[in-house]
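A.B. asks: coords please:
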Amino acid sequence: MAEKEPLTLEECSSLFVKVLMENYWGKLWNYLQLKPNLKKNFTTFLLNPKKVIFYIGKTHWGVEYIGNFNSTDISSKHKVEVEVFDYSKDDDLLTNILGVDYSKQTGPKFPLPEYSEDLVKPTNEAVDIMFENGWNLAGQSMIIGFNSGGFVLQKGMVHRIVNGFFYGTNRSGLVTRNIKWLDLFPLQIEDVDAEVENFKIYLWPDLTGTIIQDVHFQYPRPAGFREKKWFSLNRFVELISSKETSETQITSFLAEPNNQFILKMAFMGKSIFTECELEWQSEERKAIRPDFFIEGSNGYSDIVEFKLPNLKNINSIVGRENRETFSAEIHSYVSQTRNYEYYFEDPKNRDFAEEKHGIKVYYPKRILVMGRRWMLDTSDWRMLENDYRNIMIKTYDEVIDLVLSHLYS
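C.D. replies: Sure, this is the predicted structure:
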């Protein structure tokens, strides 16, 4: 009898796509063709997502949809990017997906409901930061949980999270994770031998009912829909989604007065200072020109720099090679901007910055925005943060999620 060859992650991804295409996506499409009037309010990223991410755990497999819920176009020729993360050796699939650790909370874990919409789950440390910065508990429709140890996936149950916000903390402060749409399905894994595993994947028990429900579903929007800000945020998402976009285009867009709310919401800033060229006062050196100074609630400013969201040599299957690519980019950034730190060690330079631009700076944080969340898995992000303790790293997805959190609240 021929030996069984283990499936690669690419083959697992292809299998998941085939199963969903035959049983879900294709049937959604056909239903909408029969009833085109439903397209107006349909959640278009279910059929035309920017990206689909598959997760493999011990008891469940998941599919997360990344896309713009404000889009109204649905095309049969749409091309989608696919990522796959293998967490089948880890015990807590949901923590790996969210990137927020609830294990230090004193409360118990709760079973994850079958369906969760507008779920808000902060850690206690995140709550402190949110309330300090004016987060409005009554500002949005939500199901909120405090002081619990997170959620447990229920064996044999299909779970769905729609528009969930999950908050934690790290050295950079608040960490925000927005799940637009995540389906988690039961998975059975059986060991065949040391290298080969059989697995069975499941979908919804009532597939027809799910399809009818989903074509009629209207994605939740913030109360008093903030049209202008959503328009600007959509343009920002479109900008960073193009591989032709340059760093200058990104920073120029964010520097426009109508778009500065993105920086204020993402970094909890009161004021934004851009295009500030600062000459050295005590020595002959080239002037520094950081992308942005963002003034905090204490009146002092931190430095935020933007690199590209798309990095060279990033693979669709995450691993050590991707972390090394990120590490090289960050090392280059650290080398280029180390003199920012040195500049503000001189009191004369600090006084000059305040006199010329009204910027108060004293031992500023250096925050680097680069890449996308799915380029590394949760453990690699943590290793990267530990490797570069002198700077704070945020992905473009974290920036967008923080802004979304404010718009909903």
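
A.B. asks: Every contact and neighbour count from this point should use C-alpha atoms.
C.D. replies: OK.

A.B. asks: Mind listing what's buried along the longest strand belonging to the chain?
C.D. replies: Assignment by DSSP state E gives strand 173-191 as the longest strand of the chain. Under the neighbour-count criterion of 16 or more other C-alpha atoms under 10 Å, strand 173-191 has 174-188 buried.

A.B. asks: Give the next helix or strand downstream of the lowest-mean-pLDDT helix or strand in the chain.
C.D. replies: Least confident helix or strand of the chain, by mean pLDDT, DSSP states H and E, is helix 378-387 with a mean of 73. For helix 378-387, the following helix or strand on the C-terminal side (DSSP states H and E) is strand 392-394.

A.B. asks: C-terminal to that next one, what's the next element?
C.D. replies: helix 396-408.

A.B. asks: tell me the angle that following helix makes with strand 173-191.
C.D. replies: 120 degrees (axes from the mean of the first three to the mean of the last three C-alpha atoms, to 10 degrees).

A.B. asks: Please save the CA atoms from stretch 50-62 in CSV.
C.D. replies: Extracted in CSV, the C-alpha atoms of stretch 50-62 (Å, rounded to 0.1, in the frame of the first residue of the first chain):
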residue,chain,number,x,y,z
LYS,A,50,-9.1,41.7,0.1
LYS,A,51,-7.7,38.6,1.8
VAL,A,52,-8.9,35.3,3.3
ILE,A,53,-6.9,33.9,6.3
PHE,A,54,-7.2,30.2,7.2
TYR,A,55,-6.3,29.0,10.7
ILE,A,56,-5.7,25.4,11.7
GLY,A,57,-6.1,24.5,15.4
LYS,A,58,-6.5,21.3,17.4
THR,A,59,-10.3,21.2,17.5
HIS,A,60,-11.3,23.9,15.0
TRP,A,61,-10.3,25.5,11.7
GLY,A,62,-11.2,29.0,10.9
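
A.B. asks: Sketch out the low-pLDDT regions of the stretch 151-300 of the chain for me.
C.D. replies: 172, 191-197, 222-227, 231 (pLDDT under 70).

A.B. asks: can you pull out the strands in it?
C.D. replies: 151-152, 159-170, 173-191, 197-201, 271-274, 292-295 (DSSP state E, counting those that start in this stretch).

A.B. asks: and of those strands, who's closest to Lys58?
C.D. replies: strand 173-191 (7.1 Å; C-alpha to C-alpha).

A.B. asks: Which neighbouring elements make contact with that closest one?
C.D. replies: strand 60-66, helix 124-132, strand 159-170, strand 197-201, helix 396-408 (3 or more C-alpha pairs under 8 Å, 6 or more residues apart in numbering; DSSP states H and E).

A.B. asks: Pick the most buried one from these.
C.D. replies: strand 60-66 (a mean of 23; mean count of other C-alpha atoms under 10 Å).

A.B. asks: what's the angle between the helix ranked longest in the chain and helix 378-387?
C.D. replies: Looking across the chain with DSSP state H, the single longest helix is helix 320-343. Angle, helix 320-343 to helix 378-387, by the same axes, to 10 degrees: 30 degrees.

A.B. asks: For helix 320-343, name the packing helices and strands.
C.D. replies: By 3+ C-alpha pairs under 8 Å, 6+ apart, helix 320-343 packs against helix 378-387.

A.B. asks: The helix it packs on vs strand 159-170, what angle?
C.D. replies: If you take the same axes, to 10 degrees, helix 378-387 sits at 10 degrees to strand 159-170.

A.B. asks: got the buried residues for helix 378-387?
C.D. replies: So for helix 378-387, counting by 16+ other C-alpha under 10 Å, buried means 378, 380-381, 384-385.

A.B. asks: Tell me the one among these nearest to Glu279.
C.D. replies: Of the buried residues of helix 378-387, the one sitting nearest to Glu279 (C-alpha to C-alpha) turns out to be Glu385, at 31.0 Å.

A.B. asks: Let's check: the centremost residue of this structure is which one?
C.D. replies: Asp397 (3.5 Å; C-alpha atoms, centre = their mean).

A.B. asks: Would you confirm that Tyr24 belongs to a strand?
C.D. replies: No. Under DSSP: H, G, I helix; E, B strand; the rest coil, Tyr24 falls outside any strand and is assigned helix.

A.B. asks: Could you check the pLDDT of it?
C.D. replies: Note for Tyr24: predicted pLDDT of 97.

A.B. asks: so who does Asn147 touch?
C.D. replies: When contacts are counted by C-alpha atoms under 8 Å, 6 or more residues apart in numbering, Asn147 touches 105-107, 123-124.

A.B. asks: Can you list the helices and strands that the least confident helix or strand of the chain packs against?
C.D. replies: Using 3+ C-alpha pairs under 8 Å, 6+ apart, the elements in contact with helix 378-387 are helix 320-343.
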